[in-house]
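Trainee: Sequence first, then the predicted structure:
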Amino acid sequence: MKKFLLASVATAAMGTAALAGGHATEATIGISLGFTGPLESLAPPIAQGAELAIAEVNASGLLLDSATVTAIRGDSTCGDVAAARTTAERLITADGVDGIVGGMCSGATASMLTNVAMPNGIVMISPSATSPGLTATEDNGLFFRTAPSDARQGEVMTEIIMERGFSEVAVTYVNNDYGQGLADSFAAAFEAAGGTVTLVAAHEDDRADYSAEVGALASAGGELLVVAGYVDSGGSGIVQAALDSGAFDTFVLPDGMVGDALEENFGSDLDGSFGQLPGTDSNGAEAFSALAAETGFDGSSVYAAEAYDAAALIMLAMQAADSTSASDYAAHVMDVANAPGTQIFPGELARGLELLAAGEEIDYVGASSVELIGPGEAAGNYREIEIEGGEVTTVSYR
């Protein structure tokens, strides 16, 4: 992705945004996630993470001389790219947002970015879209993500499986950008490490019966089944069909499969299964979890920390640019996210705003150990999990 702003994009910025040197009295951030669809159980804490950062900045009164930030939710559904595009259009043209935390799923994110955000010159920072394909998407310097690419997750998943002594696996993936990107990156990494992938097969969401898909995977063989799917839809359907038939009893569960619904759907039937999702045991993660608990949600929920960081980066970049216009602040996102500068953690956004207002540099570490590389995406830290006693437990971080 090219990290520069075209003149035509700059002139397309929304009229509600303030020009540098002329402070806005308010700013608006859209939070576009899959509140319905195949990951709907994961969306609420992700949104709450972003809204926690916004509430923190509003309480400080320090953004652009007391500008108030309003959060507006939009449902990008994850599975329906047309709906995601319509939601982005509404957020930008009707609600006049100055930036978007989102999208949530990779296909929806690509649709929002290419069809709506780029033509309107609006910054998007996704906390959870992980398709490797997004790395190469042309974005005019407007797209960033606090979640790492699945090119990295494929390598981490390979390490975890190999360290546990398994060398032969079957893979099923949800038939979209996320699923195929993760399946491809994992299969390449696993085979490069000396492992055998017996079959890589797609599945569709929202089917009543997955016995045919599971039958094909079982016929191919494998010690484990990797399920690169969605916990609220086909991924859980595949797991249930595999358990019912006895085809597989141990599963590898990437990020899209890790959520409260996993425990609710299967309990101890999945004991011994394992997987990974972005996460860190840093001081920032601990601080964020404490803040989240005070607000009433679980800060360890998948991508909640990344959403806090996405919203924080938008507001800190605005402060650095002295403007809410994306044509001004987009160029500052990488600056506030990385060294050099004073490190800023959750609960310290007021300090970050003060330092930026004084012309000093900050290094926003945040809740997920933010470090944006290359095309503006997270370098990647992962939490290894295992199902024990019907609950998702943390094994280690890497």
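Mentor: Okay, I see it. Numbering: from 1, shown residues only.
Trainee: Look up which helix or strand the nearest residue to residue 269 once chain neighbours are set aside falls in, please.
Mentor: In this structure, residue 269 finds its nearest non-sequential neighbour in residue 243, 5.8 Å apart by C-beta to C-beta, 6 or more residues apart in numbering. For the C-beta atoms, the positions are set from N, CA and C on the backbone; glycine is no exception. Under the criterion of DSSP states H and E, residue 243 resides in helix 234-245.
Trainee: could you dump that helix to CSV, C-alpha only?
Mentor: The C-alpha trace of helix 234-245 is given here as CSV (Å, rounded to 0.1, in the frame of the first residue of the first chain):
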residue,chain,number,x,y,z
GLY,A,234,-20.0,-22.5,9.8
GLY,A,235,-17.0,-23.0,12.0
SER,A,236,-19.0,-24.3,14.9
GLY,A,237,-21.1,-26.4,12.4
ILE,A,238,-18.0,-28.1,11.2
VAL,A,239,-16.8,-28.8,14.7
GLN,A,240,-20.2,-30.2,15.7
ALA,A,241,-20.4,-32.5,12.7
ALA,A,242,-16.9,-33.7,13.3
LEU,A,243,-17.6,-34.6,16.9
ASP,A,244,-20.9,-36.2,16.0
SER,A,245,-19.3,-38.5,13.4
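Trainee: Tell me who's in contact with the residue nearest to residue 269.
Mentor: Remark: with contacts taken as C-beta atoms under 8 Å, 6 or more residues apart in numbering, residue 243 is in contact with 249, 266, 269.
Trainee: With residue 45 instead?
Mentor: 292, 297, 298, 299, 301, 304.
Trainee: Export the helix or strand where residue 188 lies to CSV, keeping only CA atoms.
Mentor: Assigned by DSSP H and E, residue 188 belongs to helix 177-192. Coordinates of the C-alpha atoms in helix 177-192 are reproduced here as CSV (Å, rounded to 0.1, in the frame of the first residue of the first chain):
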residue,chain,number,x,y,z
ASP,A,177,-11.0,-13.5,2.1
TYR,A,178,-10.3,-14.2,5.7
GLY,A,179,-10.6,-18.0,5.5
GLN,A,180,-8.7,-18.5,2.3
GLY,A,181,-5.9,-16.1,3.3
LEU,A,182,-5.3,-17.8,6.6
ALA,A,183,-5.6,-21.3,5.1
ASP,A,184,-3.1,-20.5,2.4
SER,A,185,-0.6,-18.8,4.7
PHE,A,186,-0.8,-21.7,7.2
ALA,A,187,-0.5,-24.5,4.6
ALA,A,188,2.5,-22.9,3.1
ALA,A,189,4.2,-22.4,6.5
PHE,A,190,3.3,-25.9,7.8
GLU,A,191,4.6,-27.6,4.7
ALA,A,192,7.8,-25.5,4.7
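Trainee: Residues in contact with that helix: which ones?
Mentor: By C-beta under 8 Å, 6+ apart, helix 177-192 touches 105-107, 110, 129-133, 150-151, 153-155, 157-158, 161, 169, 171, 173, 197, 200, 202, 226, 228-229, 254, 256.
Trainee: likewise stretch 206-217?
Mentor: With C-beta under 8 Å, 6+ apart as the criterion, stretch 206-217 contacts 38, 170, 172, 198-199, 201, 203, 225, 233-234, 237-238, 240-242, 245, 247-248.
Trainee: cutoff 6 Å now
Mentor: By C-beta atoms under 6 Å, 6 or more residues apart in numbering, the list of residues contacting stretch 206-217 from outside reads 170, 172, 199, 201, 203, 233, 237, 238, 241, 242, 245, 247.
Trainee: Over to the fourth one. Which of the three states is it?
Mentor: In other words, residue 201. Three-state assignment for residue 201 (DSSP: H, G, I helix; E, B strand; the rest coil): strand.
Trainee: Would you agree residue 236 is in contact with residue 265?
Mentor: Yes. Assessed by C-beta atoms under 6 Å, residue 236 is found in contact with residue 265 at 5.3 Å.
Trainee: Which one's more surrounded, those two?
Mentor: residue 236 (21 against 17; other C-beta atoms under 10 Å).
Trainee: Tell me the predicted confidence for the more buried one.
Mentor: Reading off the confidence values, residue 236 has pLDDT 98.
Trainee: For residue 271, see how far away it is.
Mentor: Using C-beta to C-beta, to the nearest Å, residue 236 is found at 16 Å from residue 271.
Trainee: can you check residue 336 too?
Mentor: Taken as C-beta to C-beta, the span from residue 336 to residue 271 is 43 Å.
Trainee: more crowded one of these two?
Mentor: A count of neighbours by other C-beta under 10 Å puts residue 336 above the other of residue 336 and residue 271, at 28 against 15.
Trainee: what residues are up against the more buried one?
Mentor: 316, 317, 320, 362, 364.
Trainee: Please tell me how far the first one sits from residue 339.
Mentor: Residue 316 sits 14 Å away from residue 339, taking C-beta to C-beta as the criterion.
Trainee: and if you look at the third one?
Mentor: Taken as C-beta to C-beta, the spacing of residue 320 relative to residue 339 amounts to 15 Å.
Trainee: which of the two has more neighbours?
Mentor: Between residue 320 and residue 339, counted using other C-beta under 10 Å, the more crowded position is residue 320 (23 against 12).
Trainee: Tell me which residue is most central in this protein.
Mentor: Nearest to the mean C-alpha position of the chain, by C-alpha atoms, centre = their mean, lies residue 128 at 1.1 Å.
Trainee: What is the burial count for the closest residue to that one other than its chain neighbours?
Mentor: Nearest residue to residue 128, sequence neighbours excluded (C-beta to C-beta, 6+ apart): residue 303, at 4.1 Å. Using other C-beta under 10 Å as the criterion, residue 303 is surrounded by 30 other residues.
Trainee: again, but for residue 353
Mentor: For residue 353, using other C-beta under 10 Å, the count is 24.
Trainee: Tell me if I'm right that it and residue 62 touch.
Mentor: Yes. The pair residue 353 and residue 62 qualifies as a contact (C-beta under 6 Å) at a distance of 4.1 Å.
Trainee: Let me know the helix or strand that the residue lying farthest from the centre of the chain is in.
Mentor: Of all residues in the chain, residue 219 has its C-alpha farthest from the mean position, at 34.2 Å, by C-alpha atoms, centre = their mean. Residue 219 belongs to helix 211-220 when assigned by DSSP H and E.
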